[in-house]
Every structure is written in C-alpha cells, then in structure tokens.
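J.: any chance you can model this:
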Amino acid sequence: MVPANIVDSRSLELDNTERWGKENNLALNRSKTVEIVITDGKKKCLASQPPPLSGLSRTSTINILGVTISNN
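T.: Numbers count the residues shown, from 1 in each chain. Okay, the predicted model is just below:
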C-alpha cells in the first residue's frame, strides 16, 4: 500500500517487497502481480490516477483468500 501523497515511490516499494521476499526465501512473481488504485467512491477524485507501473497490469478488482476488493 502506498498513500496518494507519495505515489511516486510505488516502484521503490515494490522493489523493497521483492528484496524482503528474497531475504525470507520467498519469490515475488511479477507476472502474477497486479496494481489496483483504490479511491473513495463517495468523493470526486480531483487528482488524476498515476500511470501504471512498468511491467504490471492494472485491475479494478482483486480476490484475496475469497474476499473481493474493488477500487472504490
């Protein structure tokens, strides 16, 4: 999770997560990694969404352990 006020650090955060995984004998499969931008559906989003990270697809919903999370 990266807050909107430091959205430019998304790539660094992903690299940190990947490095942490390697240190703990885990692998980040970037081909299965997706990006979701979550917004407040009740308020108008004044700022434009950041461009997708290179090599990642962007989705509007994800399913984690049977729980579906949408971008609003």
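J.: mind listing the helices for this protein?
T.: Under the criterion DSSP state H, the chain carries helices at the ranges 10-23.
J.: spell out the residue ranges of the strands in it.
T.: Under the criterion DSSP state E, the chain contains strands at 34-35, 57-58, 61-64, 67-70.
J.: dump the ones you listed into a markdown table; add mean neighbour count, mean pLDDT and distance to N24 as well.
T.: No exception for glycine: its C-beta is placed from N, CA and C like everyone else's. Output for those, formatted as a markdown table (neighbours: other C-beta atoms under 10 Å; pLDDT from 0 to 100; distance: least, C-beta to C-beta, whole Å):
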| stretch | mean neighbour count | mean pLDDT | distance to N24 |
| --- | --- | --- | --- |
| strand 34-35 | 14 | 88 | 22 |
| strand 57-58 | 12 | 88 | 25 |
| strand 61-64 | 10 | 90 | 20 |
| strand 67-70 | 9 | 90 | 24 |
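J.: can I get those in TSV with distance to V7?
T.: Listed next are these as TSV, based on distance: least, C-beta to C-beta, whole Å:
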stretch	distance to V7
strand 34-35	11
strand 57-58	13
strand 61-64	18
strand 67-70	19
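J.: of these, give the one that comes closest to N5.
T.: Closest approach to N5 among these (C-beta to C-beta): strand 34-35, 17.5 Å.
J.: which residues are contacting that closest one?
T.: With contact meaning C-beta atoms under 8 Å, 6 or more residues apart in numbering, strand 34-35 is reached by 10, 52-53, 56-59, 62.
J.: starting from that strand, tell me which strands it pairs with and how they run.
T.: The strands beside strand 34-35 in its sheet (DSSP bridges) come out as strand 57-58 (parallel).
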